[in-house]
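**Student:** Give me a model of this one.
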Amino acid sequence: MALENARYTAIHDKTGSDKDKLKDEFDAGHAQRLAGRPDKEPLISSIMYQLGLMQEELDYLRGIISSNKDKTGITTAQANAMLTQNLGKGFKLQRKLASLNQLLLSLVSLLQLFQAKQQLIVYL
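**Tutor:** Numbers count the residues shown, from 1 in each chain. Here you go, the predicted model:
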């Protein structure tokens, strides 16, 4: 199943040293100071709350992806077991087909004998 396209747009367009300045401000604890003042900064506090929920969700999704990323194939032992099982079924089917083929040949022989008998009766 393919992932859907992202529904968000970038929150800023900073790159390089400008982006480093944003990180420096974050590392300096400015975001924590704002989060500690929800009564004075209700808008920013609510946005930070939502960002925190999104981070939790991303961490959860990363865990799911991490635990499933190595489950893309089967082991050699599993493949061999499947082949053995299916080959066994194939051999059984082959034996049944051979039996049906013998039965069909017998029926054809009987039909030929019956037709010969009918021709003999008509001839007599």
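**Student:** Now do the same for residue 18: its pLDDT.
**Tutor:** Confidence at residue 18, expressed as pLDDT, is 93.
**Student:** State the number of residues packed around it.
**Tutor:** Other residues near residue 18 come to 10 when the count uses other Cβ atoms under 10 Å. For the C-beta atoms, the positions are set from N, CA and C on the backbone; glycine is no exception.
**Student:** again with the one 3 residues further on
**Tutor:** With neighbours defined by other Cβ under 10 Å, the count for residue 21 comes to 11.
**Student:** ok, now which ones touch it?
**Tutor:** The contact partners of residue 21, taken as Cβ atoms under 8 Å, 6 or more residues apart in numbering, are residue 14.
**Student:** the strands in the protein, which residues?
**Tutor:** With DSSP state E as the criterion, the chain has no strands.
**Student:** low pLDDT regions in it?
**Tutor:** When the per-residue scores of the chain are filtered using pLDDT under 70, the ranges that remain are 1-2, 70, 72, 123-124.
**Student:** Identify the structural domains in it and state their residue ranges.
**Tutor:** The record, using automatic domain parsing to delimit domains, assigns the chain the ranges 16-68, 73-124.
**Student:** and these as CSV, adding distance to residue 10?
**Tutor:** Shown next, in CSV, are these (distance: least, Cβ to Cβ, whole Å):
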stretch, distance to residue 10
domain 16-68, 11
domain 73-124, 36
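**Student:** what about residue 100, neighbour count?
**Tutor:** Neighbouring residues of residue 100 were enumerated by other Cβ under 10 Å; the total is 10.
**Student:** gap between it and residue 110?
**Tutor:** 15 Å (Cβ to Cβ, to the nearest Å).
**Student:** just to revisit the earlier point, mind checking the domains of the chain for the one nearest to residue 9?
**Tutor:** Comparison of these against residue 9 by Cβ to Cβ identifies domain 16-68 as nearest, at 14.4 Å.
**Student:** roughly how far out does that closest one sit from the chain middle?
**Tutor:** The gap between where domain 16-68 is centred and where its chain is centred comes out at 32 Å by Cα atoms, centre = their mean, to the nearest Å.
**Student:** what distance separates the start and the end of it?
**Tutor:** For domain 16-68, the first and last residues are 34 Å from each other (Cα to Cα, to the nearest Å).
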